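Visitor: With the input below, show me the fold.
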Amino acid sequence: MAVADLILLEEDHVRFTSILEKLKEESNAKVVFLFDKNGQQLCSAGEVEGVDATSLASLTAGNVAATDGLAKLLGEREFSILFHEGEHDNLHINVVADSAILLVLFDERSSLGLVRLRVKKATGELTVVLKDVVGRTQGARKSTSGGPGLAEITDADIDALFN
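Guide: Coordinates of the predicted model:
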């Protein structure tokens, strides 16, 4: 279900944010992010001040891509869950519906077990929303790619339009 670029509506963002806020509260996390697989932030919840979300998104997407390569080398389809333990903060990274990445940043106020339990529930909810978004995105691409009218436009038509 991987899609290069997702087309999000405001209602999608509201649904994603609601799920992330609930996950943040239930897991006692500091912040929760949802990125697409290209490293673009879709939404977040929590203490985002002081976090370079752009760098975090791109590095997380790179980490997931590298891990996908490792999985393929070992004959696995994927390693869908990654965990990084730090001195003060921990990262739990989860691939959602093969089209997004869920990142949970947490500290000693929570535990890996609690985060994993809550992420499992949130992943199911996010998958429902992502399937809607991916379906709509793919439908929009089919209706605009090479549809009637576009193939009929010539260079002369474009020149006439701008002259």
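Visitor: Where does pLDDT dip in this protein?
Guide: For the chain, applying pLDDT under 70 flags the ranges 1-4, 141, 143-152.
Visitor: does Phe83 sit in a helix or strand, and which one?
Guide: Secondary structure assigned from DSSP states H and E places Phe83 in strand 81-85.
Visitor: what's the answer for Asp132, then?
Guide: Counting by DSSP H and E, Asp132 is part of helix 112-144.
Visitor: Check Glu108 too.
Guide: Short version, using DSSP H and E: Glu108 is in no helix or strand.
Visitor: Not counting sequence-adjacent ones, nearest residue to it?
Guide: Leaving aside its sequence neighbours, Glu108 sits nearest to His88 (C-beta to C-beta, 6 or more residues apart in numbering; 8.0 Å). Every C-beta, even on glycine, is put in place using the N, C-alpha and C of the backbone.
Visitor: could you show me where the helices are in the protein, in order?
Guide: Under the criterion DSSP state H, helices of the chain are mapped to 10-27, 53-73, 112-144, 155-162.
Visitor: For Asp36, find the nearest of those helices.
Guide: Of all these, it is helix 53-73 that lies closest to Asp36, at 7.8 Å by C-beta to C-beta.
Visitor: list the buried ones in that closest one?
Guide: Going by neighbour count (16 or more other C-beta atoms under 10 Å), the buried part of helix 53-73 is 56-58, 60-61, 63-64, 67-68.
Visitor: picking up where we left off before, now the helices of the chain as TSV including distance to Leu34?
Guide: Listed next are these as TSV, based on distance: least, C-beta to C-beta, whole Å:
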stretch	distance to Leu34
helix 10-27	6
helix 53-73	10
helix 112-144	7
helix 155-162	39
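Visitor: Compare these and report which one is nearest to Phe33.
Guide: helix 53-73 (6.7 Å).
Visitor: what about dumping the CA coordinates of the closest one to PDB?
Guide: This file holds the C-alpha atoms of helix 53-73, laid out as PDB (Å, rounded to 0.1, in the frame of the first residue of the first chain):
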ATOM      1  CA  ALA A  53      10.800  17.600  13.500                       C
ATOM      2  CA  THR A  54      12.100  17.900   9.900                       C
ATOM      3  CA  SER A  55      15.400  16.300  10.700                       C
ATOM      4  CA  LEU A  56      13.700  13.700  12.900                       C
ATOM      5  CA  ALA A  57      11.300  12.800  10.100                       C
ATOM      6  CA  SER A  58      14.000  12.400   7.500                       C
ATOM      7  CA  LEU A  59      16.400  10.500   9.700                       C
ATOM      8  CA  THR A  60      13.600   8.200  10.900                       C
ATOM      9  CA  ALA A  61      12.600   7.500   7.300                       C
ATOM     10  CA  GLY A  62      16.200   6.700   6.500                       C
ATOM     11  CA  ASN A  63      16.500   4.500   9.500                       C
ATOM     12  CA  VAL A  64      13.300   2.500   8.400                       C
ATOM     13  CA  ALA A  65      14.700   2.300   4.800                       C
ATOM     14  CA  ALA A  66      18.000   1.000   6.100                       C
ATOM     15  CA  THR A  67      16.300  -1.500   8.300                       C
ATOM     16  CA  ASP A  68      14.200  -2.700   5.300                       C
ATOM     17  CA  GLY A  69      17.400  -3.400   3.500                       C
ATOM     18  CA  LEU A  70      18.700  -5.400   6.500                       C
ATOM     19  CA  ALA A  71      15.500  -7.400   6.500                       C
ATOM     20  CA  LYS A  72      15.800  -8.200   2.900                       C
ATOM     21  CA  LEU A  73      19.400  -9.400   3.300                       C
END
